[in-house]
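In: sequence first, predicted model second:
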Amino acid sequence: MHILPRDVLVALERVVADLQEVGRDIKPESLRDAARYYIEKPGKMLRPILLLTFSYSLDRRSLMDPRVLQAATIVELLHIVSLLQDDVMDKHDERRGAKTPRVIYGDERTVLASDWLIAESIKRAVKLGEEVVEYLADVAQRLSMGQALDLEGEREKAAELKTAPLIEATLVLPALLLKRRDVLELAKRLGASLGVLYQYSDDLSDEGERRDKTAEVTAEVKNVLAKMREVIGEAFTPFENLVNEILKRALQASLTVARSFIP
């Protein structure tokens, strides 16, 4: 299903090219390889896709703005950080059908690789302004609290913090960078709800529980989508189409399978 505008796909190619240059000069090689492991074995790139498509819906010219592309790179780097740390804490030996970095390089190097990528994200975020840095720091703090709750077995509370903050960032960052204060609060609500939906689709193995939880969050997503359309207008259609595809996959419990949003 071709749901992404051509301009978004072109911008995504630029983000992927930028990511491919990250960490090439890291020494020693074992740290470099651990840091670049998920860069070289990418997933669906959902977070950059959300950020770029929302930016496009706010302003068609925004995808020419290097700050927007930088923000898309940052959210993917932070996602990779979360994968590396999750692998270590949950002792994952396999992800995406392959061995995890912790199996190949050890827990110690995997943690150091995540530290390096956090530092790289900070260096890039500084160029986007103080407000962006402060917001991303808050996102990182919430992610760490979510991971801690997950370790303690607080699954439902963890769902609101483990994944949702970074999905939220994919909408909030464009609103901040493009100075669209009129959609900022709606962006936070929609991003948080999408993040919870994604986590439920991933974590809830019981079909009945998953259906009930996703139905509740889906109602909130649709409510906020309608309000956003009132503010943004017809230009909102590309992002609305993307979110509707996400909702469909969530109800089918297929959000986290290896099925790309890219045609």
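Out: Happy to help now that I have it.
In: please name every helix or strand in contact with the lengthiest helix in the chain.
Out: Longest among the helix segments of the chain by residue count, using DSSP state H, is helix 207-232. In terms of contact count using 3 or more Cβ pairs under 8 Å, 6 or more residues apart in numbering; DSSP states H and E, helix 207-232 is assigned the packing partners helix 184-203, helix 237-251. C-betas here are computed from N, CA, C, even on glycine.
In: which stretches of the chain have low pLDDT?
Out: In the predicted model, the chain carries pLDDT under 70 at residues 1-2, 159, 201-211, 253-263.
In: run through the helices of it in chain order.
Out: Counting by DSSP H, one finds helices in the chain at the ranges 6-20, 29-40, 46-58, 66-89, 101-105, 107-126, 130-151, 155-162, 164-177, 184-203, 207-232, 237-251.
In: Serialize these to JSON lines and add fields for mean neighbour count.
Out: Below are the helices of the chain laid out as JSON lines (neighbours: other Cβ atoms under 10 Å):
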{"stretch": "helix 6-20", "mean neighbour count": "17"}
{"stretch": "helix 29-40", "mean neighbour count": "19"}
{"stretch": "helix 46-58", "mean neighbour count": "26"}
{"stretch": "helix 66-89", "mean neighbour count": "22"}
{"stretch": "helix 101-105", "mean neighbour count": "20"}
{"stretch": "helix 107-126", "mean neighbour count": "18"}
{"stretch": "helix 130-151", "mean neighbour count": "16"}
{"stretch": "helix 155-162", "mean neighbour count": "19"}
{"stretch": "helix 164-177", "mean neighbour count": "26"}
{"stretch": "helix 184-203", "mean neighbour count": "22"}
{"stretch": "helix 207-232", "mean neighbour count": "15"}
{"stretch": "helix 237-251", "mean neighbour count": "19"}
